[in-house]
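**Student:** build me a structure from this.
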Amino acid sequence: MLLDLAQRQRLANADIEKVKQALTDQGFYLQVPPPVESMLNAYLDELKNSEKTE
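**Tutor:** Residues are numbered from 1 along each chain as shown. Below is the predicted model:
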């Protein structure tokens, strides 16, 4: 996919300066999806915090 980044000021899900720097340094930019939020870990953290306050 080809994109003209010279005319763009921002991108939807990435910092355009980081993208340009990666293209200059590495010749490519790899965008991966954000990690899935683990509701179990959030629940366990909440339990730990509530036990500490009691």
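**Student:** C-alpha from now on. contacts and neighbour counts both.
**Tutor:** Fine.
**Student:** how much space separates residue 32 from residue 13?
**Tutor:** The gap separating residue 32 from residue 13 is 10 Å, by CA to CA, to the nearest Å.
**Student:** who has more neighbours out of these two?
**Tutor:** residue 13 (9 against 6; other CA atoms under 10 Å).
**Student:** got phi/psi on the more buried one?
**Tutor:** Here is the backbone geometry of residue 13 (degrees, to the nearest 10): phi -120, psi 10.
**Student:** need the pLDDT of it.
**Tutor:** Model confidence at residue 13, given as pLDDT, is 85.
**Student:** start and end of stretch 10-17, how far apart?
**Tutor:** 9 Å.
**Student:** can you check stretch 29-38 too?
**Tutor:** So stretch 29-38: terminal residues 27 Å apart, CA to CA.
**Student:** tell me the buried residues in it?
**Tutor:** Within stretch 29-38, no residue counts as buried by 16 or more other CA atoms under 10 Å.
**Student:** next one: it to chain centre, how far?
**Tutor:** For stretch 29-38, the distance from its own C-alpha centre to the chain's C-alpha centre is 6 Å (CA atoms, centre = their mean, to the nearest Å).
**Student:** could you look up the SS state of residue 43?
**Tutor:** The local conformation at residue 43, judged by DSSP: H, G, I helix; E, B strand; the rest coil, is helix.
**Student:** residue closest to the middle of this structure?
**Tutor:** residue 34 (5.2 Å; CA atoms, centre = their mean).
**Student:** quick check: phi and psi on it?
**Tutor:** According to degrees, to the nearest 10, residue 34 has phi -70, psi 150.
**Student:** what about it, distance to residue 8?
**Tutor:** Separation of residue 34 from residue 8 (CA to CA): 23 Å.
**Student:** could you do residue 44 as well?
**Tutor:** Distance, residue 44 to residue 8, by CA to CA: 43 Å.
**Student:** alright, I will stop here.
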